[in-house]
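In: Got a sequence here, can you build the structure:
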Amino acid sequence: MLDKIVQIIISSSSIIIGENVLFCQHQINDLEFISQLYEENVIENTSIDSYKVNDIVILEFSLTSLLSKGFYYNVDIFLKWNYYEFPKREIYIYELKNYLAETGNFKEEYNSIINLVKQIKEISKYSYQEDELLNSIIVREEKSLFLILKYSFDDLKSIDKEKVSLIESFIDILKSHITMDKKNIYLNQLVEFLYKEEEQTRFSYLIRNFDKYIKKSSATYNYYLRDFSYNKLKIELDSKALEFSQKLQSVINDSQTKLIAIPTALVFVLSTLDYENINAIKNYLALVGLILFCIFIQIFINNQKSAIAFIEENINYYKGTFKDDINEIKESFKKVELEKNKQIKRLFQIQILLWLIPIITISVLFFVNGYKYISIFIALIYISLSVFLFFWKMKIN
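Out: Numbering: from 1, shown residues only. Now for the predicted structure:
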């Protein structure tokens, strides 16, 4: 009968919905079926005695009677009558213009919520029905959660295939008796996730934000597998961040005694130059020795750069072991990143000052020899290049 009713309604050129009545224009081609509808009170027409085949009439379908035949005018009415049980008979939903079995996404979304409700009822400490709504109380450790299992068509529309998959996986976790630790963690997170929400909207909020809930639960479970609670994880991250910061600071701190030799070398060379005989061999030997000194210090600086690169590699590797809560990692290692950039800039500044020593010495030799402009030119070129490279380094870091 449902198929014939659907055919009459969807083929009608004029449909009007009144108070509990669907008015449908229809050209009669099966008078016997119209009589059957009348006898079963599916149509509320006053009399059909005068109806003949090919007559165009207005059939007054009772929406309440249509429900008994499996015809639902819209999704809200369908949900009202099939809130917690997937119907076993054939159903047609006029709003969706399709049979329930052929609605595809809606069927999957609706079925996933039905299964979720059943499983929540199973794991609840206590469940009861009031005003046609199922209420469950979930008790976990020191907290209990009162959950009204109420949802709407809009909630179902917020579900995509990914969420359906997440809901099915969650149901499997709740059903499992093997991974009890995982089940307990997910239930604890369920209580935490919904505890601050309004009671009337908790289940709706869960459906709409199910991906966020699963992400938090998954992260907590992964931390648990590493034998970390959230607080322990925070302590470990902060401890590691402090450890890496100290290592970065030690790159410069441990080399301070060596770096003091840079200004000492400048003072020593300039004070030992023979200004009376500026082209004396010992002056040029001092210059060569100074350049060799700068090369050795440069090698040392390169080693310090390698040390920073090695520490950075260790930091990235360590951060890569935590993939579930990127924001927490970023927050803990923000100061470490700043410290790394500071040390890189300081080494660059040391390099500028290092090579400024032979530049000053060469400029002095030219100046005393009477090549004043050349000495000034060399100094200006080096200073300009150093300033440019300094600001460029500041920008990229």
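In: Would you map the strands across the stretch 1-150 of the chain?
Out: Listed in chain order, the strands of the stretch 1-150 of the chain (DSSP state E, counting those that start in this stretch) span 15-17, 21-27, 56-62, 71-72, 92-93, 98-99, 126-130, 133-140, 143-148.
In: Go ahead and confirm residue 238 touches residue 334.
Out: No - with contact defined as Cβ atoms under 8 Å, residue 238 does not count as touching residue 334 (11.4 Å). Quick note: C-beta positions are derived from backbone N, CA and C, even for glycine.
In: Comparing the strands of the stretch 1-150 of the chain, which comes out most buried?
Out: Ranked by mean neighbour count under mean count of other Cβ atoms under 10 Å, those are led by strand 71-72, which reaches a mean of 24.
In: And that one, how far out from the chain middle?
Out: The chain centroid and the centroid of strand 71-72 are separated by 40 Å under Cα atoms, centre = their mean, to the nearest Å.
In: Neighbouring strands - and their directions - for that strand?
Out: strand 92-93 (parallel) (DSSP bridges).
In: Which one's more surrounded, residue 238 and residue 334?
Out: More crowded of residue 238 and residue 334, by other Cβ atoms under 10 Å: residue 238, with 14 against 11.
In: contacting residues for the more buried one?
Out: residue 332 (Cβ atoms under 8 Å, 6 or more residues apart in numbering).
In: Where does it sit, in terms of helix or strand?
Out: If you go by DSSP states H and E, residue 238 is part of helix 230-253.
In: residue contacts, the nearest residue to residue 93 once chain neighbours are set aside?
Out: Closest residue to residue 93 in three dimensions, ignoring its sequence neighbours and counting by Cβ to Cβ, 6 or more residues apart in numbering: residue 72, at 5.0 Å. Residues counted as contacts of residue 72 (Cβ under 8 Å, 6+ apart) are 66, 78, 81, 91-95.
In: and if you look at residue 333?
Out: Residue 333 neighbours (Cβ under 8 Å, 6+ apart): 237, 241, 244, 315, 319.
In: Looking only at the helix or strand the last one falls within, what residues are buried by neighbour count?
Out: Spelled out, it's residue 319. Per DSSP H and E, residue 319 falls inside helix 281-320. Buried positions in helix 281-320, judged by neighbour count with 16 or more other Cβ atoms under 10 Å: 283, 286-287, 290, 293-294, 297, 300-301, 304-305, 307-308, 311-312, 315, 318-319.
In: List of residues touching stretch 108-115?
Out: With Cβ under 8 Å, 6+ apart, stretch 108-115 has contacts from 79, 84-86, 151, 155-157, 159, 161, 163-164, 167-168, 171, 207.
In: Just give me how far that stretch sits from the chain centre.
Out: How far stretch 108-115 lies from its chain's middle: 25 Å, per Cα atoms, centre = their mean.
In: Restricting to C-alpha, output it in CSV.
Out: Backbone C-alpha positions of stretch 108-115 (Å, rounded to 0.1, in the frame of the first residue of the first chain) are rendered in CSV as follows:
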residue,chain,number,x,y,z
GLU,A,108,24.0,6.2,7.8
GLU,A,109,23.9,9.3,10.0
TYR,A,110,20.6,8.3,11.6
ASN,A,111,21.7,4.7,12.2
SER,A,112,25.0,5.8,13.7
ILE,A,113,23.2,7.9,16.3
ILE,A,114,20.7,5.1,17.1
ASN,A,115,23.7,2.7,17.7
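In: can you give me the mean pLDDT across it?
Out: Stretch 108-115 comes out with an average pLDDT of 91.
In: For it, list every residue counted as buried.
Out: Buried, per 16+ other Cβ under 10 Å, within stretch 108-115: 108-110, 112-113.
In: pretty sure residue 319 is touching residue 329, no?
Out: Yes - Residue 319 is within contact range of residue 329, at 5.3 Å (criterion: Cβ under 8 Å).
In: pLDDT of the helix or strand hosting residue 223, averaged?
Out: Assigned by DSSP H and E, residue 223 belongs to helix 210-225. Mean pLDDT, helix 210-225: 86.
In: For it, list every residue counted as buried.
Out: 210, 213-214, 216-223.
In: CA atoms only for that helix, dumped as PDB, please.
Out: C-alpha atoms of helix 210-225 as PDB (Å, rounded to 0.1, in the frame of the first residue of the first chain):
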ATOM      1  CA  PHE A 210      32.400  14.500  18.000                       C
ATOM      2  CA  ASP A 211      35.600  14.900  16.100                       C
ATOM      3  CA  LYS A 212      37.000  17.200  18.800                       C
ATOM      4  CA  TYR A 213      35.900  14.800  21.500                       C
ATOM      5  CA  ILE A 214      37.700  11.900  19.800                       C
ATOM      6  CA  LYS A 215      40.800  14.000  19.200                       C
ATOM      7  CA  LYS A 216      41.000  14.900  22.900                       C
ATOM      8  CA  SER A 217      40.300  11.300  24.000                       C
ATOM      9  CA  SER A 218      42.900   9.900  21.600                       C
ATOM     10  CA  ALA A 219      45.500  12.400  22.800                       C
ATOM     11  CA  THR A 220      44.900  11.500  26.400                       C
ATOM     12  CA  TYR A 221      45.100   7.800  25.600                       C
ATOM     13  CA  ASN A 222      48.400   8.200  23.800                       C
ATOM     14  CA  TYR A 223      49.800  10.100  26.800                       C
ATOM     15  CA  TYR A 224      48.600   7.300  29.000                       C
ATOM     16  CA  LEU A 225      50.400   4.800  26.900                       C
END
